Each structure stands twice: as C-alpha cells, then as structure tokens.
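>>> Give me the fold of what follows.
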Amino acid sequence: MAIVEGPKAKQAIALEVKDLHFRYEKSKQSVDALNGVSFSCEAEKIHGILGPNGSGKSTTFKIISTLLRAQSGSVSVFGIDRDKQEKQLRQAIGVCFQSPSLDPILTVRENLWVQGTLLGLSSLTLSKEIERWLEKFSLTERSQDRVGTLSGGLARRVELIKSLLHKPKLLLLDEPTVGLDPTSREEFWKELRQLRDQGMSIVVTTHLMDEAELCDELLFMAHGKCVAGGTPSNLKQEFKKEYVYFKAEKQDSMMDSLKEVLNSGAQIDSHNGRVRIETKNPDEVIDLLRRDYRDQLESLEWDKATLGDIYRSKTGVSL
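So this is what the prediction gives:
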C-alpha cells in the first residue's frame, strides 16, 4: 500500500484514493475526520489500514463503500470513479461491515438468497454461487440452520459469502474479526489468503497487530491522515530501533538517572509496569544497566520493535 506523493509507474491498481477530506458536524461543532488522505492499493494483495478509533480509517472505509460522500477528493476502484459511476462501483466491490448484517431468524441459505436477490442475480446464477461458496467454506451441512444458532466464526463466514456472491473485484472488510476467538480469527484469515491467491484484491481495516502482520501491505492512519505505508517487513527494517525493558524497585529514580546518562540517545518511558528504553544500540544500554544498576534490577529483557511500537513512534498514539 503506497501513500500517493506524485507520479508513479504504471501497475494494476485496485483502489486509488486522492486527497480525501471529510468533516462531521456535531452539536454546532465541526470535527475533521479526514485531512487529505491519499493512497493506492495494488491488485491481488491484502492491504491493511491500521489505526485506533478516531484515526479516520472507518470514515475512509465508508466513503470507499459509498456510504458517505467526501467534501472533496476522489476514489476509484479499478478505474471506476466513485462519484461519477457509483452504481458500477457498487457492482465492483464486496463489503463486509463490522456490525453483523445477518438475520438471525433466517437460515444460512435464506440469508444468502435474500442478499443475492437484492444484488439482482438470476435464480440459476444465485443457486450455483450459494452452493459453490457453502462448499468452499465448509458450510453446506449448516445451510439449513438458523444463523442465530451459529458460532461467531461461522456467522462471519456467512457474512463473507454475502459479500462474494456477485463476484466483486475488490473486497472491503471493516474490522471483520471483532469478537471472534483466536481459532475463528485464524480460520477467517486463512479464507482471506486463499481468496487473495485466487486473484481477489482485499482491503481490511484493523487495529490488531497479529492481523496487520498477515497483510501484504499496510497503511498507518492517525488523526485523519496517512502517516506511513509499506510491507510489514519493510516498515520494521526502516524503523531500526529496538527495545530494552526492565523492572526495578525504584523505577522512577532509575528513569530520571538514565535520562541524564543516555541524554538524547534513547527514549525512556513506562510501559505495562516496566521501564521501556527505545534505542538503536540495545547492547550498550544492557551493558550499562548490568554494570551500574545490577543491584536494583528485578528483570531485564530485550526485544525488537513490533508494528505496534512503530505505529506509536510515528503517530504518538498507542493501539
């Protein structure tokens, strides 16, 4: 996922967003949700938009999926203009929203049939697509069960099938695994990777680090702006900082002492009950702690930066 900064080489682009601005009017007060958001997504990849609540990712998602119209800027999906060709764009996208959209009283098959009918699919085409996807997602035996009796993971699979019935070119997923247990999340992402391998282009919004690691490309959003983008591995390589953690009986006084000793060579703060030192030279920091503070240390650890650490460093916001 690339932040758009100027002309770029020709390539298959599934989604292109340019200079989006959006403002909410709340209680006579304007709130800027998006401030010039621009990025592009290559086809046949899983792209993750990463950010906490209030970062602008859900507003961006709603604009791309035609639920909102931006005050300015443009969106195109495989060259289809979101504002000028809205009907065509809706036919080109499949959408799985964060909130459940299934009728719990209807069966799995009935939910899918209603969705396909609303999409305008013929009975023959719809019947074939439902059977194909039920079999692919191992739901054939549960097709006559009411959705309200399904586990969260199985219900999410049905949601995913709903978004795929009309063979979209681009699949949009807004926090698709919220509320799922780890096993169900793993299964859901297995399905997404298989769809990608079969040529599907996918955009996922998330605030979960383990899901971000599974994306081919990432976009960091904060305060309504794009702040960084790239593959998970490239983002880590570019960061070039690591972390030393320790616990001690007098942590506050040690932090003050270390800030004087290290000067601007490292960033020191509290993190989950421990002191965290962000540094490019972890070996030097560990040697210093062992030499001058050994008697005060209760624990000492070292680790490489995670995507969450990188996000916090670039935005000042924790996920």
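
>>> those strands in the chain, which residues are they?
Taking DSSP state E as the test, the strands found in the chain are 13-26, 29-42, 46-50, 72-77, 80-81, 93-96, 170-174, 201-206, 217-222, 225-230, 242-248, 266-271, 274-279, 297-304.

>>> so what secondary structure elements neighbour the longest helix along the chain?
For the chain, the longest helix by residue count, based on DSSP state H, is helix 182-197. Where contact means 3 or more C-beta pairs under 8 Å, 6 or more residues apart in numbering; DSSP states H and E, helix 182-197 is packed against strand 46-50, helix 152-164, strand 201-206. Where you see a C-beta, it was placed from the backbone N, CA and C, and this is true even at glycine.

>>> May I have the shortest one as CSV, with CA atoms only?
Once side chains and other backbone atoms are set aside, the C-alpha atoms of strand 46-50 remain, and they are given as CSV (Å, rounded to 0.1, in the frame of the first residue of the first chain):
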residue,chain,number,x,y,z
ILE,A,46,-4.3,-7.9,1.1
HIS,A,47,-4.0,-4.3,2.2
GLY,A,48,-4.4,-3.4,5.8
ILE,A,49,-5.5,0.1,7.1
LEU,A,50,-4.2,0.2,10.6
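
>>> Please state the offset of that strand from the chain centre?
Chain-centre distance of strand 46-50: 4 Å, with C-alpha atoms, centre = their mean, to the nearest Å.

>>> Can you give me the buried ones in it?
Going by neighbour count (16 or more other C-beta atoms under 10 Å), the buried part of strand 46-50 is 46, 47, 48, 49, 50.

>>> Let's have those in JSON lines, adding distance to residue 155 and pLDDT.
JSON lines is the format used below for those (distance: C-beta to C-beta, whole Å; pLDDT from 0 to 100):
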{"residue": "46", "distance to residue 155": "22", "pLDDT": "97"}
{"residue": "47", "distance to residue 155": "25", "pLDDT": "97"}
{"residue": "48", "distance to residue 155": "23", "pLDDT": "96"}
{"residue": "49", "distance to residue 155": "23", "pLDDT": "95"}
{"residue": "50", "distance to residue 155": "25", "pLDDT": "93"}
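
>>> hang on, the earlier thing: and the helices and strands packed on helix 182-197, which is most packed in?
Mean neighbour count, computed with mean count of other C-beta atoms under 10 Å, is highest for strand 46-50 among the helices and strands packed on helix 182-197, reaching a mean of 27.

>>> Between helix 182-197 and it, find me the angle.
Relative orientation of strand 46-50 versus helix 182-197 (axes from the mean of the first three to the mean of the last three C-alpha atoms, to 10 degrees): 130 degrees.

>>> What strands line up against strand 46-50, and which way round?
Sheet pairing of strand 46-50 (DSSP bridges) gives strand 201-206 (parallel), strand 217-222 (parallel).

>>> Show me what it is in contact with.
With C-beta atoms under 8 Å, 6 or more residues apart in numbering as the test, strand 46-50 has contacts from 1, 15, 41, 57, 60-61, 192-193, 196, 201-207, 211-212, 214-221, 307, 311, 319.

>>> And the helix or strand of the chain with the lowest mean pLDDT, what's buried?
When the helices and strands of the chain are scored by mean pLDDT, DSSP states H and E, strand 266-271 comes last with a mean of 82. Neighbour-count burial for strand 266-271, counted by 16+ other C-beta under 10 Å, picks out 266, 268.

>>> Can I get that strand in CSV, CA atoms only?
Backbone C-alpha positions of strand 266-271 (Å, rounded to 0.1, in the frame of the first residue of the first chain) are rendered in CSV as follows:
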residue,chain,number,x,y,z
ALA,A,266,17.3,6.8,23.8
GLN,A,267,13.7,7.4,24.6
ILE,A,268,12.6,6.2,28.0
ASP,A,269,9.0,5.7,29.3
SER,A,270,6.8,3.4,31.4
HIS,A,271,5.1,0.5,29.6
